[in-house]
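In: let's see this in three dimensions:
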Amino acid sequence: MPENTLRFAVAQSTVRQDPTDADGLRASGAEVRRLMQQAADAGARLVHFTEGAICFPSKHIMSELGPDEIGPSDWSKADWTVLQDELDRITKLSRELGIWTVIPSIHQLPTRPHNSVYVVSDQGTVVARYDERMLSTTKLTWMYTPGTEPVTVDVDGYRFGLALGLDVLFPELFTEYDRLDADAVLVSYSTTGSSGNEVAPTQARGFAAANTYWISLAVPANPVAGVESSVIDPTGKVVAEGPADSTPGIAVTDLHRVEVSRIGREFRRRTRERVNA
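Out: Predicted structure coming up:
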């Protein structure tokens, strides 16, 4: 493998919506670990999963008034013990495989939890956590506490930014990662069974080209959505995609330094400095 190249895997996996269902949570965790093994076998140094990879809680299931009426979420119903155990198993496997894992889950708080993504190092340690900032009306009103800060993590000389959920629709978050010298942004986005899912990959391609960095878009294995997980290069071109039939699987590609990234970033920095002088 050429110097300054990082082999990378993006996964599309089954997303389940009931955090009270211990068996479902176990099944999700087992699938995540199977895909981690596939990524490691392919030589990947990092594997990136979708929002809800362990669970994407349904507003109907969690509503204290539900399931027919949406109201404040009753998070005491969630099986936090199993959720934590599955995360612990994932961190342990990261160490055994020597692979970095970017895995979304719910982060418990005394109040409403964060919708989060954890970065697990190849030593089996959670080294960073990003909390979704641009929450939907439902998430903000009834379900989660929003995050407040961008997060980056460095792996083998590459700097990765993190984005989650509806963050993918907000250009200012991606401009922020450009200013933080990210080489790539990892976007975890849970699609739905309704129309409009194609907006996320379109936005992601535009942000990759506008900021001249790589973007990984991890989505569920959801045939109804019509969207696959993908890796987008700094020109906005899709260079790897998950299984076209939207079944669980991974896509693997090599991230490398692209001259257009350096030139583009330097140009934007000089222009901003002149305009703001």
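
In: just want the most central residue of the chain.
Out: Note on the chain: the residue nearest the mean C-alpha position is Ser188, at 2.5 Å, using Cα atoms, centre = their mean.

In: distance check, that residue against Glu273.
Out: According to Cβ to Cβ, to the nearest Å, Ser188 stands 33 Å off from Glu273. Glycine gets a C-beta too; all of them are placed from N, C-alpha and C.

In: count the residues that sit near the nearest residue to the residue nearest to the centre of the chain once chain neighbours are set aside.
Out: The shortest distance from Ser188 to any non-neighbouring residue, by Cβ to Cβ, 6 or more residues apart in numbering, is to Glu51 (4.2 Å). Using other Cβ atoms under 10 Å, the number of residues around Glu51 comes to 26.

In: same question, Thr235
Out: Using other Cβ under 10 Å, the number of residues around Thr235 comes to 14.

In: Arg129 reaches Val117, doesn't it?
Out: Yes: between Arg129 and Val117 there is a contact at 7.1 Å, judged by Cβ atoms under 8 Å.

In: of those two, who's got more company?
Out: Val117 (30 against 15).

In: and that one, what helix or strand is that in?
Out: Using DSSP states H and E, Val117 maps to strand 114-120.

In: what does Val127 give?
Out: Assigning secondary structure by DSSP H and E places Val127 in strand 126-131.

In: also Val275?
Out: Going by DSSP H and E, Val275 is part of helix 259-276.

In: how about that helix: buried residues?
Out: Using 16 or more other Cβ atoms under 10 Å as the test for burial, helix 259-276 gives 261, 264-265, 268.

In: need phi/psi at Thr101.
Out: Backbone torsions of Thr101, given as degrees, to the nearest 10, read phi -130, psi 130.

In: beta partners of it?
Out: Val47, Val120 (DSSP bridges).

In: does it touch Leu46 like I think?
Out: Yes: counting by Cβ under 8 Å, Thr101 touches Leu46, with 7.5 Å between them.

In: quick check: Val102 touching Tyr118?
Out: Yes: taking Cβ under 8 Å as the definition, Val102 is a contact partner of Tyr118 at 7.4 Å.
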